[in-house]
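K.L.:
Model the following, please.
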Amino acid sequence: MSAVSGMNIFKIQEISISGCRQTSPAMIRELTGIRYQASLVRLNPEHIAAILRSHPWIAAVEVTRDWPDVVVVYIKEYVPEALITQDVPGGRQFFYMDKNGVVFAPVDPGQDMDLPVITGLETKGNIGQRRPNGVVGAVATIMDSDAEVMEMRVPAREKFNSVHLKELHFPKGSIVGAIVRDQQVLLPSGETIIEIGDNLVIFFTKKAAADLERFLSDEG
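P.N.:
The predicted structure follows:
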């Protein structure tokens, strides 16, 4: 193997890096330590990918060797859609959030802040406290109000299967504010057809919590 790795034909002559927006090819090379004239045989694509996935802006990465002398790095970065504040040592700081609600990177001085700001959400200490049949995910309280918000994955049950939203008759005091489907956020109307596997973002009052829990369970 040492003889093969030392052959000039397997020396890295090209480093192809694509998908950079907040990152840059120079930053990627610096983070990974990929160097021209290094051995392509000894390069470990999985190790390089693991290093890059630790970067807060990188959502996905693919690293391949294109024999005999090319390293190919494809980067998929998070795209910020909103700002949210979170507690950090010494106070609070703005973070970027993507369209799926993933909080991924702090906002550094000079970075873009021309985005909607998500405010008024305070995560409850017992996230997912209400889990009828495991369909409910995170539950949060909207601060200084009598309202809460939860995320619900539509279960494989007949009453939820391919029906119009208006036909579900959610309990009084609750409303579906958004639907996440195939990594897209939809603003629903009564005519929107609900599909198994959709994630519903439901706003509800504390008084409606018990009725909503029954509705989402097999009892509803």
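K.L.:
So what's the residue count around Tyr78?
P.N.:
Tyr78 is flanked by 21 other residues according to other CB atoms under 10 Å. Quick note: C-beta positions are derived from backbone N, CA and C, even for glycine.
K.L.:
and it, how far is that from Leu200?
P.N.:
23 Å (CB to CB, to the nearest Å).
K.L.:
Now for Leu83, how many residues are close by?
P.N.:
19.
K.L.:
Actually, Thr23.
P.N.:
The local packing of Thr23 (other CB under 10 Å) involves 17 other residues.
K.L.:
quick one: the nearest residue to it once chain neighbours are set aside from Ile51, how far?
P.N.:
Distances taken as CB to CB, 6 or more residues apart in numbering place Trp57 nearest to Thr23, at 5.9 Å, with adjacent residues excluded. Computed as CB to CB, the Trp57 to Ile51 distance reads 14 Å.
K.L.:
before we move on, what about Leu186?
P.N.:
36 Å.
K.L.:
Comparing those two, which shows the higher neighbour count?
P.N.:
The residue with more neighbours, out of Leu186 and Ile51 and counting by other CB under 10 Å, is Ile51; that gives 16 against 12.
K.L.:
Contacts only, for Val79.
P.N.:
Listed by CB atoms under 8 Å, 6 or more residues apart in numbering, the contact set of Val79 reads 98-99.
K.L.:
What does the pLDDT read for it?
P.N.:
Looking at Val79, its pLDDT reads 93.
K.L.:
Return, as residue ranges, the portions of this structure with sub-threshold pLDDT.
P.N.:
Along the chain, the parts satisfying pLDDT under 70 run over 1-8, 119-146, 218-220.
K.L.:
make it 90
P.N.:
Applying pLDDT under 90 to the chain flags the ranges 1-9, 81-95, 97-104, 108-162, 168-190, 195-220.
K.L.:
give me the number of residues near Met209?
P.N.:
Actually, residue 209 is Ala rather than Met. Ala209: 18 neighbours (other CB under 10 Å).
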